[in-house]
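Trainee: Sequence below, structure please.
(4 chains, ligands or ions: 4)
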Protein chains: 2
Amino acid sequence: MTAPNRKPDYETLLRQAGLRITRPRQVILQILTETDDHPDAAQIFQRAVKQDAQISLATVYRTMKALEENGAIQRHAFGDGPARFEHAGDAHHDHLIDVDTGDVIEFASDRIEALQDEIAERLGYEIVHHRLELYGRKKR
Amino acid sequence: MTAPNRKPDYETLLRQAGLRITRPRQVILQILTETDDHPDAAQIFQRAVKQDAQISLATVYRTMKALEENGAIQRHAFGDGPARFEHAGDAHHDHLIDVDTGDVIEFASDRIEALQDEIAERLGYEIVHHRLELYGRKKR
DNA sequence: GACCTTATTGCAAACGGTTTGCATTTGCAG
DNA sequence: CTGCAAATGCAAACCGTTTGCAATAAGGTC
Ligand SMILES: [Mn+2]
Ligand SMILES: [Mn+2]
Ligand SMILES: [Zn+2]
Ligand SMILES: [Zn+2]
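Mentor: Numbers count the residues shown, from 1 in each chain, chains lettered A, B, ... in the order given. Ligands and ions are numbered 1, 2, ... in the order given. Predicted coordinates for the structure are as follows:
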């Protein structure tokens, strides 16, 4: 469940950053555009290989890094597993991870966000970014 | 800055779990007892080697795992660096990491904790654990 | 289109943190 | 003190990620 899809124009974004639109990148960007979950590099790679059998995992990683540096995607590290990605541009939100299924549910709370700022303020700090993850189990 | 030191009796705890009090473990436990920060395995190892030159890093890792499984310590993964440890038993708190210095400041907010429960509740989940980390920069 | 320069690729090897197999040592119950 | 299982040190394996390198291909210029 991702916030309303902004259908970000990754290609234009990359072009403006002076990066080339290569075949591997097109494939990866397409996957990112039409995905609604938080895939890791291996999953993106699996999906990519179906479209172009000679894409390499290294290229997936390099592309993700490029996209991240240009603010096109966000990288998360849930639990201790591999990094997982999602397109940026949607409004800020945090995540609830189902410990049984691994499902990721998004949520947002401006009250929590405000309290975070308050706390940082009180400690004499300015928040650069934060990470709030709830790990939970579905109530039956 | 850690909450008031509970001076946990790790040795008794380990004995009750059926684990043996070996020399390497004594050294590591001592380090953990008198430390007030959030050291990683390499740091614990460095400190340990000063007391007993033949302790191995593998033993540090194995001991940390044993302690964690018995609820004696907590493991954190700040940013993307190595895991960092602190003794459990102190009251729950979350962390503010100084992005410039790496310093870790502890804080607690029952208002935030309550809001988290509320959110999970609303989504039909029960929180097993959570992770709240603020990454900030000191205001001058 | 052909050409040139340079970014990007695939591959395999390196990486850093952590875990593990194994032969040896050690704690500790009897 | 003995005997046995648990714990150790070492080195090798691990897993996700990054990197060096030679080969390829993007895309600006004519
Ligand atoms: Mn998300
Ligand atoms: Mn702490
Ligand atoms: Zn947030
Ligand atoms: Zn908390």
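Trainee: any idea which helix or strand carries the spatially most central residue of chain A?
Mentor: In chain A, the centroid-proximal residue (CA atoms, centre = their mean) is A:E86; its distance is 2.3 Å. According to DSSP states H and E, A:E86 maps onto strand A:84-87.
Trainee: Flag the shaky bits of chain A, pLDDT-wise.
Mentor: Within chain A, the segments meeting pLDDT under 70 span A:1-8.
Trainee: mind redoing it with 90?
Mentor: A:1-13, A:16, A:36, A:79-80, A:87-90, A:100-102, A:140 (pLDDT under 90).
Trainee: in chain A, what residue is nearest ligand 2?
Mentor: Proximity of chain A to ligand 2 (CB to the ion) peaks at A:L123, 14.1 Å away. Using the backbone N, CA and C atoms, a C-beta is placed for each residue, glycine as well.
Trainee: Against A:D94, how distant is the residue nearest to A:H76 when sequence neighbours are not counted?
Mentor: Of all residues not flanking A:H76 in the chain, A:R84 sits nearest, at 5.0 Å (CB to CB, 6 or more residues apart in numbering or on different chains). For A:R84, the distance to A:D94 (CB to CB, to the nearest Å) stands at 14 Å.
Trainee: repeat for A:F107
Mentor: From A:F107 across to A:D94, the span is 6 Å (CB to CB).
Trainee: Counting neighbours, go ahead and name the busier of these two.
Mentor: Between A:F107 and A:D94, A:D94 has the larger neighbour count (other CB atoms under 10 Å in any protein chain shown), namely 20 against 17.
Trainee: What are the contacting residues of stretch A:80-92?
Mentor: Stretch A:80-92 is contacted from outside by A:2-4, A:6, A:8, A:32-33, A:37-42, A:44, A:64, A:68, A:71-78, A:104, A:108, A:113, B:77, using CB atoms under 8 Å, 6 or more residues apart in numbering or on different chains.
Trainee: change it to 7 Å
Mentor: A:2-3, A:6, A:8, A:32, A:38-42, A:64, A:71-78, A:108, B:77 (CB atoms under 7 Å, 6 or more residues apart in numbering or on different chains).
Trainee: Make sure A:L132 is indeed in a helix.
Mentor: No: counting by DSSP: H, G, I helix; E, B strand; the rest coil, A:L132 is located in no helix; its state is strand.
Trainee: what's the closest non-adjacent residue to it?
Mentor: A:D94 (4.1 Å).
Trainee: quick one: that neighbour from A:Q74, how far?
Mentor: Distance from A:D94 to A:Q74, by CB to CB: 12 Å.
Trainee: hmm, the host helix or strand of A:A58 touching DNA strand C?
Mentor: Using DSSP H and E, A:A58 sits within helix A:57-69. Yes: with CB under 7 Å from any atom of the strand as the measure, helix A:57-69 is seen reaching DNA strand C through A:A58, A:T59, A:R62, A:T63, A:A66.
Trainee: okay, those residues in a markdown table with neighbour count and distance to ligand 1 next?
Mentor: Output for the residues of helix A:57-69 next to DNA strand C, formatted as a markdown table (neighbours: other CB atoms under 10 Å in any protein chain shown; distance: CB to the ion, whole Å):
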| residue | neighbour count | distance to ligand 1 |
| --- | --- | --- |
| A:A58 | 10 | 25 |
| A:T59 | 17 | 24 |
| A:R62 | 14 | 22 |
| A:T63 | 25 | 19 |
| A:A66 | 15 | 20 |
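Trainee: Tell me the one among those nearest to ligand 3.
Mentor: Distances from ligand 3 to those, taken by CB to the ion, are shortest for A:A66, at 25.1 Å.
Trainee: so who does that closest one touch?
Mentor: Taking CB under 7 Å, 6+ apart, one finds A:L19 in contact with A:A66.
Trainee: For the closest residue to DNA strand C within chain A, which non-adjacent residue is spatially closest?
Mentor: Taking CB to the nearest atom of the strand, DNA strand C has its nearest neighbour within chain A at A:T59, 3.1 Å off. Nearest residue to A:T59, sequence neighbours excluded (CB to CB, 6+ apart): A:P24, at 4.9 Å.
Trainee: returning to what we had before: which one of the residues of helix A:57-69 next to DNA strand C sits closest to A:I119?
Mentor: A:A66 (34.3 Å; CB to CB).
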